[in-house]
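**Student:** sequence and computational prediction follow.
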Amino acid sequence: MSYSLYSRIPLSLAALATAGALMSVSLSAEAEDWRGWNVHPDGYPNSLALKSFADEVSEKTDGRINPRVYNNAVLGDQPDAIDQARSGALDFGNFNMGPMGPIVPETDVLSLPFLFKDVDQMYRVMDGDIGKRFADALAEKNLIALSWFGSGSRSFYNTDHPIEEPDDVKGLKLRVMNNDLYVQMVDALGGNATPMPYGEVFQSLKTGVIDGAENNFPSFESSNHYEVAKYFSETDHLIIPECLCIAESSWDELSDEDKSIVRTAAENAAQEQRKLWAERVEKSQEVVEQAGVKINQVKDKAAFQAKMKPIYQSFIEAHPDMEALIDDIRQTE
């Protein structure tokens, strides 16, 4: 009898070990692996901030959620990625509000030229009650906006000549993001707007398919567009916020505790992105200047703004309910 009793001890230990292993496998299986979209390359301010977001979420949830960020738009271009997030095929992404307009019409307000006074005012607007209005509009389309990133101010660059006044845009074929307001903006200046995926711009500049584009200094530099387009004119015509958005389906699966963790991580990521962005703008400007790009500040922006009045008029005629929102943005100090 004693032999039988002691012979069972190894079996009991083995059973416990097996049960522990099964429990470990079960817990591991419950972990959520999130896929996140990002258009920018490694080392870009947004990419670094998104990595911080992913790391914080993974750490604070003890691995219950493991976000992974896919840079360089490897999961598709931005309109496709937005659709994927809305359907739950992607869990999160850093989306610019420009291409969001066809899906969330309210966000078209943010694409109106010369809407914001400067980048800091844009942050104040988006961090306040007005930003919540846009978040509510996104939520109706299955996207939860947790924080707002900056993308600086956008200006024109081209392969031909400096742009000092509206007439200098005439005849130029300029790439714009996929939004009718940008087409109207370039058309109003006498140029030929060409909507085109971001990844096609460099080759199109090089081969003469387009004469130029519009973007911020970090994108101009990191995309190597400055190697071909040697004229950068600071029109600062667009200041467009970006969201760190979570798919509604992924958000709804979270406990209240994990929602708080994810939201806090997104807000922390936004603060990091803004700081890194300001630093990168200075660095990128130095890089392109040293490469021989001729940079000019547009002295008379009023002349450009005057050309935008018909765009505002037609926009308000089409969306009379948004006129008050435009006024609220412009009156925010």
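**Tutor:** Perfect, I can see it now.
**Student:** quick check: the gap between the residue nearest to residue 99 when sequence neighbours are not counted and residue 118.
**Tutor:** With sequence-adjacent residues excluded and distances taken as CB to CB, 6 or more residues apart in numbering, residue 99 is closest to residue 78, at 4.8 Å. In short, each C-beta sits where N, CA and C put it, glycine included. From residue 78 over to residue 118 the distance is 25 Å, taken as CB to CB, to the nearest Å.
**Student:** of these two, who's got more company?
**Tutor:** residue 78 (21 against 10; other CB atoms under 10 Å).
**Student:** so that one touches residue 96, yeah?
**Tutor:** Yes - using CB atoms under 8 Å, residue 78 is in contact with residue 96, at 6.7 Å.
**Student:** give me the common contacts of the two.
**Tutor:** Shared contacts of residue 78 and residue 96, defined by CB atoms under 8 Å, 6 or more residues apart in numbering, comprise residue 39.
**Student:** helices along the chain, start to end?
**Tutor:** 2-30, 45-60, 78-87, 119-127, 129-139, 180-188, 201-207, 217-222, 248-252, 256-290, 301-307, 309-318, 323-331 (DSSP state H).
**Student:** what's the pLDDT at the residue nearest to residue 319 when sequence neighbours are not counted?
**Tutor:** The shortest distance from residue 319 to any non-neighbouring residue, by CB to CB, 6+ apart, is to residue 105 (7.2 Å). Turning to residue 105, the model gives it a pLDDT of 91.
**Student:** ok so, going back, which of the helices of the chain sits closest to residue 36?
**Tutor:** helix 45-60 (6.4 Å; CB to CB).
**Student:** mean confidence score for that closest one?
**Tutor:** Helix 45-60 comes out at a mean pLDDT of 98.
**Student:** the inter-axis angle of that helix versus helix 256-290?
**Tutor:** Orientation note: helix 45-60 sits at an angle of 160 degrees relative to helix 256-290 (axes from the mean of the first three to the mean of the last three CA atoms, to 10 degrees).
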